[in-house]
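1. need a 3D model of the sequence below.
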Amino acid sequence: MYAIPLGDEGAELRPLETWHAEEFLANLERGREFIGQFIPFGSQVTDVDSARSTLQRYTDMRAADTGSYHGIWLDGRLVGGVLALNFDAATGNAEVGCWLEPAATGRGLITRAMRVLLEWVVEERGIHRVEWVAASGNTASLKVAQRLGFRKDGVRREAHEWRGKRHDLEVWSLLAPEWRSARDAHKER
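-> Residues are numbered from 1 along each chain as shown. Alright, predicted model coming up:
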């Protein structure tokens, strides 16, 4: 359907669909502890059937225009992805998120993939406000949000319980004009 190069030799953004269930499960298995440090992302995916079910849920969300998954492949292997959720074109609001297995970190893959997703969300779909929500301890995620031009709105103190610990959740947002400025500044470099 599409394969968008992410600048790094062998890295590309592609749709993540139900027929990728085995690859998705393998990706989560390689990164389960790393990915799940702060959030339960993928914790319900324990076999191919549950992987397929999760991917089907996002396929259904894409059909309903309420969310989507996009995989990041590096040298032909799924290593992570970016997603849109709580997507509401009528109100102009959406949330974005990401995940990456540890072996693929430090290459800028999430930042580059998220730029593609943000361009689509803002320019193609007309979303005005994009949110990024992450645990305060997830500094890598928060640094990506900051690099992309998101601004910190506030902290929902101890709003999320995961693995027996309460985590503060930081809410960051990016408005369409801010995205355009950040995008244009990045292009000038």
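2. pLDDT weak spots in this structure?
-> Applying pLDDT under 70 to the chain flags the ranges 1, 8.
3. tell me who's in contact with the residue nearest in space to the middle of the chain.
-> Centroid-nearest residue in the chain: Cys98, 2.3 Å away (criterion: Cα atoms, centre = their mean). Neighbour list for Cys98: Gly80, Gly81, Val82, Leu83, Ile110, Ala113, Met114, Ser141, Val144 [criterion: Cβ atoms under 8 Å, 6 or more residues apart in numbering]. C-beta: built from backbone N, CA, C; applies to glycine.
4. could I get these as CSV with neighbour count, secondary structure and distance to Ala134?
-> CSV is the format used below for the contacts of Cys98 (neighbours: other Cβ atoms under 10 Å; DSSP: H, G, I helix; E, B strand; the rest coil; distance: Cβ to Cβ, whole Å):
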residue, neighbour count, secondary structure, distance to Ala134
Gly80, 26, strand, 15
Gly81, 26, strand, 16
Val82, 25, strand, 13
Leu83, 20, strand, 13
Ile110, 24, helix, 12
Ala113, 24, helix, 16
Met114, 24, helix, 13
Ser141, 22, helix, 4
Val144, 21, helix, 9
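5. export those residues as CSV, with columns for distance to Ala185.
-> Output for those, formatted as CSV (distance: Cβ to Cβ, whole Å):
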residue, distance to Ala185
Gly80, 25
Gly81, 26
Val82, 21
Leu83, 25
Ile110, 19
Ala113, 19
Met114, 16
Ser141, 21
Val144, 16
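6. closest to Gln37 out of the residues you listed?
-> Set against Gln37, the nearest of those by Cβ to Cβ is Ser141 (10.1 Å).
7. tell me how far that closest one lies from Glu95.
-> Using Cβ to Cβ, to the nearest Å, one obtains 13 Å as the distance from Ser141 to Glu95.
8. now swap in Leu175 and tell me
-> Counting by Cβ to Cβ - Leu175 and Glu95 are separated by 14 Å.
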